[in-house]
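Novice: Here is a sequence together with a model predicted from it:
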Amino acid sequence: MANRLTSALYQEAVNIVAEGIASVEDVDRAIAYGPGMRWGLMGPHLIYHLGGGAGGYRQYLEHLGPTQQTRWADLGRPTLTDDLIEQLVLGLEQEIKELDTQELEDARDRALVALAKLKQGLPF
């Protein structure tokens with residue numbers, strides 16, 4: 001299930017680059033500093049429940065559900081052509097520039113351990 005959810009997000013991340021809406025780096029940053037920060041703490045249903053105010057998830061779905069559905073209609077279905085693969089790889093290389101892969105892995109792992117420790121004290 002987790003891979004399926006990841007695949008859906010990745011599909012749209014690739015589509016955004018393919019359509020020229022944003023660069024690889026912009027997409028990565030948007031996820032990491034937008035929903036990714038919240039998703040590191042709780043899942044989408046609980047996030048939208050809290051976003052629904054006093055009425056919770058039901059209020060969110062009744063009030064903003066139609067706009068979600070409209071956004072779903074705009075999601076793309078990219079094809080990983082050779083040109084798109086090249087665009088994605090070059091975009092990633094530009095994003096990481098001269099960063100060392102081992103340093104990136106080490107920083108990621110330290111952050112994940114810190115987040116896991118933080119989540120141990122949460123009530124959900």
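Specialist: Received it, and whenever you're ready, just let me know what you need. Numbers count the residues shown, from 1 in each chain.

Novice: The residue nearest the centre of the chain is in what secondary structure piece?
Specialist: In the chain, the residue lying closest to the centroid (CA atoms, centre = their mean) is Ile31, at 3.9 Å. Assigned by DSSP states H and E, Ile31 falls within helix 24-33.

Novice: what about that helix, distance to the chain center?
Specialist: Distance, stretch centre to chain centre, for helix 24-33: 8 Å (CA atoms, centre = their mean, to the nearest Å).

Novice: In that helix, which residues are buried?
Specialist: Val24, Val27, Asp28 (16 or more other CB atoms under 10 Å). In this view, the C-beta of every residue, glycine as well, is placed from N, C-alpha and C.

Novice: residues touching the first one, list them.
Specialist: It refers to Val24. Val17, Leu88, Gly91, Leu92, Gln94, Glu95 (CB atoms under 8 Å, 6 or more residues apart in numbering).
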